[in-house]
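Novice: Provided below for reference: sequence and predicted model.
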Amino acid sequence: MAASYNNIGNVYHSPGEYEEAEEYYQKDLDITVRLVVDLDITVRLVVEAKEYYQKDLDITVRLVGDHPDVAVSKVNIGLVFEAMGKKSEAKRMFSEAASIRRRERRVRRS
């Protein structure tokens, strides 16, 4: 939507209709600023979520050691890494979680 307002502003700007152009440029700017603020909030929430999930993992490992609950914590951290675009870190966490779950299944079968 912001790009559309900018394009309309350009249409008015070309023939010298600056007041009309300014109106659309302002709409573009308003939307862009809101998007940047929303993105900033989202990034902060994702970073905060990772911190809490890491604390959860640390506490879970300390309390129960190598337990299936550790896999859940690792999946949660992996999801946060994925949301942050850190694919290799996400893959590592998912792989560690899968390994824990496979080990747990083998133990149950024994």
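Specialist: Structure's in. What do you need? Numbering: from 1, shown residues only.

Novice: Distance-wise, check the spatially most central residue of the chain relative to Asn76.
Specialist: Note on the chain: the residue nearest the mean C-alpha position is Ala83, at 3.3 Å, using CA atoms, centre = their mean. From Ala83 over to Asn76 the distance is 11 Å, taken as CB to CB, to the nearest Å. In short, each C-beta sits where N, CA and C put it, glycine included.

Novice: swap in Ser4?
Specialist: When distances are taken as CB to CB, Ser4 and Asn76 turn out to be 38 Å apart.

Novice: Of these two, which one has the most company?
Specialist: Between Ser4 and Asn76, counted using other CB atoms under 10 Å, Asn76 has the larger neighbour count: 19 against 12.

Novice: name the helices or strands packed onto the longest helix seen in the chain?
Specialist: Across the chain, the helix with the greatest residue count (assigned by DSSP state H) is helix 18-64. Here helix 18-64 touches helix 2-13, helix 68-83, going by 3 or more CB pairs under 8 Å, 6 or more residues apart in numbering; DSSP states H and E.
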